[in-house]
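Visitor: fold the following for me, if possible:
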Amino acid sequence: MTKPNAVTKPTWWQALNVYTEKRVAILFLLGFSAGLPILLVFGTLSFWLREAGIDRTTIAFASWAGLAYGFKWVWSPLVDRMPIPWLSNLMGRRRSWLILSQLTIMAAIAGIAATDPLENLGLFIAFAVLVAFASATQDIVIDAYRIESAPEQYQAAMSASYQAGYRLAMIAAGAGALALAALFADHSLAYQREAWSQSYLVMMSFMLVGVITCLFCHEPTIDFKEADAEQDKIKQELRAGGLPAILAHLLAWLKVAIANPFMDFFLRYRWQALLILALIATYRISDIVMGIMANPFYVDMNFTKEQIAAVTKVFGVIMTLVGAGIGGILIHRFGTMKILFVGALLAAATNLTFALLAMTQDQPSLLQSEINMFGYQGLIEITNFHLLIAVISLDNLSAGIATSAFITYLSSLTNKAFSATQYAVFSSMMILLPKFIAGFSGMYVDHFDYVNFFTVSALLGAPVLILIIFVARCVPANRTMSKLNVAESNQ
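Guide: Residues are numbered from 1 along each chain as shown. As a prediction, the model looks like this:
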């Protein structure tokens, strides 16, 4: 007998048909726009600088340009609540912020292309910081747009579509940018700035995908009535207490836009919130710290642009998507926390495979000699490039599983009443500490070596495993409501 409140599951056809929705397609294109800038200020930029002869310590410090992604929670309330004069009236609040961030990204990428890092490294990095800042702003807007533009039944498909577009853009900004730099270069010279500049100008033109999408997509309906009513009430109370109108308005806005989302989180989780925040801040520390030195490492290992583009930027991204798919299946079968632990363990352990690859730099026949001891001489040929394929496969597969579990966990922490600001806070904290530590990675490699660096970066993941165990045991699941959330819970 069917229960009165039982929910009928959609058929397979209905589940697949959701991907034909216009809103899902829009998120694919916006995902492409969001994924394009990130490698242009991280991996691809570090490759450019290393090939130009910039030392590893400087490259690592230059990676701090990406700290803008870690601080986007600071200005996310502004993006969420403040209209842009004239432009918001013309396009709506979300689309106006979106187009402004996209045009800023394009201008900053053009600035990078026009600047010689050997002659004016400071200006070069300043443009990279501007790209990262505008890109982080775009991320805030797209996250809010996704939540507000469609009901709950479309959210999973829209998120999947966004990730597909995002990863495709990473292939373009990674493999594509490296391939174009090689194509535009005069192969008689080891380094040509003009080739990199032309490559970055092509990448800039790809941002038109997001701009055109923004111009033709709809503005989501946003209801600010409840928040505005609370803000007006607080303002009136402060004015009654004798505060000037401007100060009362500012304090009321700060309470509604900034204080409430934070208060909600701590009211729901109380002291356990500190454990959760510590886990969020350190979960990706192993792979982010290692990742800053990955491209300089490939250059120092004498891999060509074409090899790196094919293996790390195309094949690696595909393996990440495969890992994400496997992670989703595992989470459905075993639960989020168990796979969160497995993902963290794999992400840290695969750093040791990079240490193995680094060991072959001075002894390229090390593995071959071991195989020959067992009588297989001439039957198997193992080179550094073959080992690179294996290392990248394991690393990206593990990263996909870990990322799938972590995004699922962050989503479970977010209260829908404050989803835009809270998710911005969580995603910012996720990279802030790791990116800061990663800034010293070049100095560490210069003083020690790659083998030591990759080994230590793997050991950084050990405290994360302990934190996951504590969080799993101490934090109750599904605390989605608080005194600040007046919405009724689902029946």
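
Visitor: where in this structure is the helix or strand with the lowest mean pLDDT?
Guide: Within the chain, confidence by mean pLDDT, DSSP states H and E is lowest for helix 366-372 among all helices and strands, at a mean of 46.

Visitor: C-terminal to it, what's the next element?
Guide: Next helix or strand after helix 366-372 toward the C-terminus (DSSP states H and E): helix 384-413.

Visitor: which strands and helices lie in contact with that next one?
Guide: Counting contacts by 3 or more Cβ pairs under 8 Å, 6 or more residues apart in numbering; DSSP states H and E, helix 384-413 is packed against helix 285-292, helix 316-334, helix 336-349, helix 351-359, helix 419-438. All C-beta atoms are positioned from the backbone trio N, CA, C, and that covers glycine.

Visitor: low-confidence ranges in the stretch 51-200 of the chain?
Guide: 150-157, 159-160, 188-189 (pLDDT under 70).

Visitor: before we move on, what SS does the closest residue to Phe42 other than its chain neighbours have?
Guide: Distance criterion Cβ to Cβ, 6 or more residues apart in numbering; nearest residue to Phe42, sequence neighbours excluded, is Gly66 at 5.8 Å. With DSSP: H, G, I helix; E, B strand; the rest coil as the basis, Gly66 sits in helix.

Visitor: number of nearby residues for Gly66?
Guide: 25 (other Cβ atoms under 10 Å).

Visitor: was I right about it contacting Val41?
Guide: Yes - counting by Cβ atoms under 8 Å, Val41 is a contact partner of Gly66 at 5.7 Å.

Visitor: so what sits against both of these two?
Guide: Residues touching both Gly66 and Val41 (Cβ atoms under 8 Å, 6 or more residues apart in numbering): Ala132.

Visitor: surely Phe453 and Gly291 touch.
Guide: No - at 11.9 Å, Phe453 does not count as touching Gly291 under the criterion of Cβ under 8 Å.

Visitor: what mean pLDDT does the host helix or strand of Asp228 get?
Guide: For Asp228, the element it lies in under DSSP H and E is helix 225-240. When pLDDT is averaged along helix 225-240, the result is 78.

Visitor: who touches it?
Guide: By Cβ under 8 Å, 6+ apart, helix 225-240 touches Arg81, Ala245, Leu247, Ala248, His249, Leu251, Ala252, Trp253, Lys255, Val256, Ala257.

Visitor: which of those residues has the most neighbours?
Guide: Going by other Cβ under 10 Å, Val256 tops those with 23 neighbours.

Visitor: tally of neighbours for the closest residue to it other than its chain neighbours?
Guide: Nearest non-adjacent residue to Val256, counting by Cβ to Cβ, 6+ apart: Gln231, 4.6 Å away. Applying other Cβ under 10 Å, we find 20 residues neighbouring Gln231.

Visitor: how about Arg270?
Guide: Arg270, neighbours per other Cβ under 10 Å, totals 10.

Visitor: over to Asp143?
Guide: Neighbours of Asp143 (other Cβ under 10 Å): 20.

Visitor: from the contact counts, what lies against whichever helix or strand it is part of?
Guide: For Asp143, the enclosing helix or strand under DSSP H and E is helix 121-148. Here helix 121-148 touches helix 22-40, helix 56-62, helix 72-81, helix 93-114, helix 152-171, helix 419-438, going by 3+ Cβ pairs under 8 Å, 6+ apart.

Visitor: can you pull the pLDDT of Pro261?
Guide: 81.

Visitor: isn't it right next to Phe426, touching?
Guide: No - assessed by Cβ under 8 Å, Pro261 is found out of contact with Phe426, at 10.8 Å.

Visitor: so how far is Ser149 from Leu27?
Guide: The spacing between Leu27 and Ser149, counted by Cβ to Cβ, to the nearest Å, is 8 Å.

Visitor: the more surrounded of those two?
Guide: Between Leu27 and Ser149, counted using other Cβ under 10 Å, the more crowded position is Leu27 (31 against 20).

Visitor: and that one, how far is that from Met158?
Guide: For Leu27 relative to Met158 (Cβ to Cβ), the value is 4 Å.

Visitor: any shared contact partners between these two?
Guide: With Cβ under 8 Å, 6+ apart as the test, Leu27 and Met158 both reach Arg146.

Visitor: what residues go with each domain of the protein?
Guide: 21-222, 225-259, 270-482 (automatic domain parsing).

Visitor: so how far is Phe262 from the closest residue to Phe436 other than its chain neighbours?
Guide: Of all residues not flanking Phe436 in the chain, Leu67 sits nearest, at 6.9 Å (Cβ to Cβ, 6+ apart). For Leu67, the distance to Phe262 equals 21 Å [Cβ to Cβ].

Visitor: go on, Phe440?
Guide: 30 Å.

Visitor: one step back: report the angle between the helix holding Asp228 and helix 72-81.
Guide: 100 degrees (axes from the mean of the first three to the mean of the last three Cα atoms, to 10 degrees).

Visitor: and the nearest residue to Ala245 once chain neighbours are set aside, how far from Trp253?
Guide: Of all residues not flanking Ala245 in the chain, Arg239 sits nearest, at 6.4 Å (Cβ to Cβ, 6+ apart). Distance of Arg239 to Trp253, computed by Cβ to Cβ: 14 Å.

Visitor: host element of Leu183?
Guide: Per DSSP H and E: helix 177-184 holds Leu183.

Visitor: go through that helix and flag the buried ones.
Guide: Ala177, Leu178, Ala179, Leu180, Ala181, Ala182, Phe184 (16 or more other Cβ atoms under 10 Å).

Visitor: for the second one, give its distance to Ala309.
Guide: Okay, so that is Leu178. 4 Å.

Visitor: before we move on, what about the first one?
Guide: With distances defined as Cβ to Cβ, the gap from Ala177 to Ala309 amounts to 8 Å.

Visitor: many thanks, we can stop here.
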